[in-house]
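A.B. asks: Coordinates for the following, if possible.
(chains A and B)
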Amino acid sequence: MSIASTTQQICFLVLSATTVVGSLGVVLLPNIVYSAFLLGGVFLSVAGLYLLLNASFVAAAQILVYVGAVNVLILFAIMLVNKQETLAAIPGLLVRRLLSGAVCAGLFALLLRVAFTTNWALPGPPPVGEEATIRIGEHLFTDYLLPFELASVLLLMAMIGAIVLARRDVFSTDVITGEPADQGLIEKDRTPLLIEKSAPAPTLLSKP
Amino acid sequence: MLSTGLLGATVTPPGTPPGLDLQSSFIDLAQAMGLTAGAARLLWLPLPMVLVLVGAVVGVLVSVWLERKISAAVQQRIGPEYAGALGVLQPLADGLKLVFKEDIIPARADSVLFSLGPVLVVVPVILSWLVVPFGQNLLISNVGVGIFLWIALSSIQPIGLLMSGYSSNNKYSLLGGLRAAAQSISYEIPLALAVLAVVMMSNSLSTVDIVAQQTGAGILSWNIWRQPVGFVIFWICALAECERLPFDLPEAEEELVAGYQTEYSGMKFALFYLGSYINLVLSALLVSVLYLGGWSFPVPVEWITGWLGVSPDAPLVQVITGSIGIVSTILKAYLLVFFAILLRWTTPRVRIDQLLDLGWKFLLPIALVNLLVTAGLKLAFPVAFGG
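C.D. replies: A predicted model of the protein is given here:
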């Protein structure tokens, strides 16, 4: 066995162990901040597995999208709303945990069965390596154009939804007069909703 | 048409000089001394890694010295004077001092995350050095995804910053960490779009191909003339990603003590310090690779060898060309570091809302328009814009 293949095997073992242990930690740890950081570790080791499969573009995209954007946003949200509060005990927590554990075990068994009964074509097709970026580009602009565009429409919808949720004032009415207030999405000097129209305009408070 | 245009990327342009290849020379030398090919390769493996670490640290020492001297000159002081000639050993003294300082972990801090944070900040930055080319074969690894790898790796850094900000158990640290993450996410997008315009012109993500596309007519063929807007966007975003003034909000002294590094001391603080300066030098190197022709000399070396009547493939000529390449890459990078330092000591800091406005409402639309115009120009003038 050559040095390269031994290194590859060690890397594979380490990466898969990190993935499995890390994802168990994400689910089982009580502290949500640890879970979020471990999720980043899991994404990184999955990117490492892609690297081992000679898919360097996918690995880099995995790091950029999942670690750099998704995980950072999750952490950001957790830290912005990290209130110290005692949560009320959920009735029947043990039953719920057992049920979800059973569902997960069933899914795991199903996946194991699929993995062992499928006739995997071994060895697989030769890896394209550095050509992969070009191939992915070609596919995205030819036979996968429709799914690609649909995904972008989905993201656009999510973005508009987020904007609407974040800017409640678009649909709100003035508390005192009952008139519709500040319908525009374009930023302007906003009139504070809780201040009467007749009152002298506040100079310092009106700007955030 | 699209597929042929894309496939053309993998073919290296004809007529590029073979250049210096240290790896094959080293392996040949080791084999001549009686080692097997495998053993020679094994001996070679750690060398580039050590070289990168040493290069990065020396680059940091030089830029710290420059920072001290230039800031002193800006403020009409003398700056470091007694440690070595002109104070060149001062950054070394600073580093040694940090090594010997006590490593304090606050009692209420989360010690695991507190120690892991600085490591997560430094490692991606050092890893990114593997795509910086100093010559045709003078880079650690010519990976196909090249510049994309750098963008991906630099997106790991905010996790380390958030981690250290959270685990310090200090309101200033947490605010600094949150600001760092918000800033880095906002400026990553225009940065990637500016890079994308360059990549579109060179038909490849590989840094070597990007530089190769800028050779031919010396200084006139550099990307800065074809991508002036992209150059400015990239430079602003790189400064913001490095958290240099005018964008150093995450560690704004007057508001946040020192942001996410408030609770750190000793070597852990040194890791943050090292990381930020390595990042600055790396960004400057990448600006020189993407827009200033990388290792190419203002007058093409092939023309000079032609005028002198020597073959560009002769070993001595190759060594000289390689050295000129390394020197011009570093010179270009340090010119940009000089500008960054001058900016730091002459401009005031922006406010957080100004920072986000600049990123989302100005740089992002401009970067998109730049990308569109580049695509149009590429279709209209394929000769000049790498069709």
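
A.B. asks: Can you tell me which residue is spatially central in the chain?
C.D. replies: If you meant another chain, say so; for now it's chain A. A:Val70 (4.0 Å; Cα atoms, centre = their mean).

A.B. asks: not what I meant, chain B
C.D. replies: B:Leu282 (1.8 Å).

A.B. asks: Which of the three states applies to A:Gly124?
C.D. replies: coil (DSSP: H, G, I helix; E, B strand; the rest coil).

A.B. asks: pLDDT averaged over stretch B:290-302, what's the number?
C.D. replies: For stretch B:290-302, the mean per-residue pLDDT is 81.

A.B. asks: Of all the residues in that stretch, which ones are buried?
C.D. replies: By neighbour count on 16 or more other Cβ atoms under 10 Å in any protein chain shown, the buried set for stretch B:290-302 is B:Leu290, B:Tyr291, B:Leu292, B:Gly293, B:Gly294, B:Trp295, B:Ser296, B:Phe297, B:Pro300, B:Val301, B:Glu302. From N, CA and C alone the C-beta is placed, and that goes for glycine too.

A.B. asks: Redo those residues as a markdown table? Include distance to A:Ala36 and secondary structure.
C.D. replies: Output for the buried residues of stretch B:290-302, formatted as a markdown table (distance: Cβ to Cβ, whole Å; DSSP: H, G, I helix; E, B strand; the rest coil):
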| residue | distance to A:Ala36 | secondary structure |
| --- | --- | --- |
| B:Leu290 | 34 | helix |
| B:Tyr291 | 37 | coil |
| B:Leu292 | 40 | coil |
| B:Gly293 | 42 | coil |
| B:Gly294 | 39 | coil |
| B:Trp295 | 42 | coil |
| B:Ser296 | 45 | coil |
| B:Phe297 | 49 | coil |
| B:Pro300 | 52 | coil |
| B:Val301 | 51 | helix |
| B:Glu302 | 54 | helix |
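
A.B. asks: between these, which is nearest chain A?
C.D. replies: Closest approach between the buried residues of stretch B:290-302 and chain A, by Cβ to the nearest Cβ: B:Leu290, at 17.1 Å.

A.B. asks: dump the residue contacts of the nearest residue to that closest one once chain neighbours are set aside.
C.D. replies: Setting aside the residues directly before and after it, B:Leu290 is nearest to B:Val198 in space (Cβ to Cβ, 6 or more residues apart in numbering or on different chains), at 5.1 Å. Residues near B:Val198 by Cβ atoms under 8 Å, 6 or more residues apart in numbering or on different chains: B:Ile210, B:Asn223, B:Gln227, B:Gly230, B:Leu290, B:Tyr291.

A.B. asks: and chain A, which residues reach chain B?
C.D. replies: With the criterion set to Cβ under 8 Å from any Cβ of the partner chain, chain A comes near chain B through A:3, A:33, A:37, A:40, A:44, A:56-57, A:60-61, A:63-64, A:67-69, A:71-73, A:75-76, A:79-80, A:129-134, A:137-138, A:141, A:208.

A.B. asks: Next step: the residues you listed restricted to helices.
C.D. replies: In this view, these that belong to helices under DSSP state H are A:3, A:33, A:37, A:40, A:44, A:56-57, A:60-61, A:72-73, A:75-76, A:79-80, A:132-134, A:137-138, A:141.

A.B. asks: In ChimeraX, select just the buried ones from those residues.
C.D. replies: In ChimeraX, this line selects whichever of these come out buried by 16+ other Cβ under 10 Å:
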select /A:33,37,40,44,56,57,60,61,72,75,76,79,132,133,134
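
A.B. asks: what's the helix or strand for B:Val287?
C.D. replies: helix B:266-290 (DSSP states H and E).

A.B. asks: my bad, B:Val350
C.D. replies: B:Val350 is part of no helix or strand when elements are defined by DSSP H and E.

A.B. asks: contacting residues around it?
C.D. replies: With Cβ under 8 Å, 6+ apart as the criterion, the residues that contact B:Val350 are B:Pro246, B:Phe247, B:Leu249, B:Leu358.

A.B. asks: Out of those residues, list just those in helices.
C.D. replies: Using DSSP H, no member of these falls in helices.

A.B. asks: For B:Ala39, state which of these is nearest.
C.D. replies: B:Ala39 lies nearest to B:Phe247 out of the contacts of B:Val350, by Cβ to Cβ, at 49.0 Å.

A.B. asks: helix/strand/coil for the residue nearest to A:Leu73 when sequence neighbours are not counted?
C.D. replies: Nearest residue to A:Leu73 in three dimensions, chain neighbours excluded: B:Ile185, at 7.6 Å (Cβ to Cβ, 6+ apart). Following three-state DSSP, the label given to B:Ile185 is helix.

A.B. asks: how deep is B:Ile185 tucked in, by neighbour count?
C.D. replies: Neighbours of B:Ile185 under the rule other Cβ atoms under 10 Å in any protein chain shown: 17.

A.B. asks: quick one, what contacts the closest residue to chain A within the stretch 1-150 of chain B?
C.D. replies: Proximity to chain A, evaluated over the stretch 1-150 of chain B using Cβ to the nearest Cβ, is greatest for B:Gly144 at 3.4 Å. Counting by Cβ under 8 Å, 6+ apart, B:Gly144 touches A:Ser56, A:Phe57, A:Gly129, A:Glu130, A:Glu131, A:Ala132, A:Thr133, B:Ser204, B:Leu205, B:Ser206.

A.B. asks: Equivalent analysis for A:Leu44, please.
C.D. replies: Residues near A:Leu44 by Cβ under 8 Å, 6+ apart: A:Ile63, A:Val67, B:Ile156.

A.B. asks: next one: B:Gln214
C.D. replies: Contact analysis of B:Gln214 by Cβ under 8 Å, 6+ apart lists B:Ser202, B:Ser221, B:Trp222, B:Asn223, B:Gly293, B:Gly294, B:Ser296.

A.B. asks: hmm, 6 Å instead?
C.D. replies: B:Gln214 makes contacts with B:Ser221, B:Trp222, B:Asn223, B:Gly293, as judged by Cβ atoms under 6 Å, 6 or more residues apart in numbering or on different chains.

A.B. asks: Show the pLDDT at A:Thr191.
C.D. replies: Taking A:Thr191 on its own, its pLDDT is 47.

A.B. asks: The nearest residue to B:Ser283 once chain neighbours are set aside in helix, strand or coil?
C.D. replies: Spatial nearest neighbour of B:Ser283, excluding adjacent residues (Cβ to Cβ, 6+ apart): B:Ala238 at 3.9 Å. Local secondary structure at B:Ala238 is given as helix here, using three-state DSSP.
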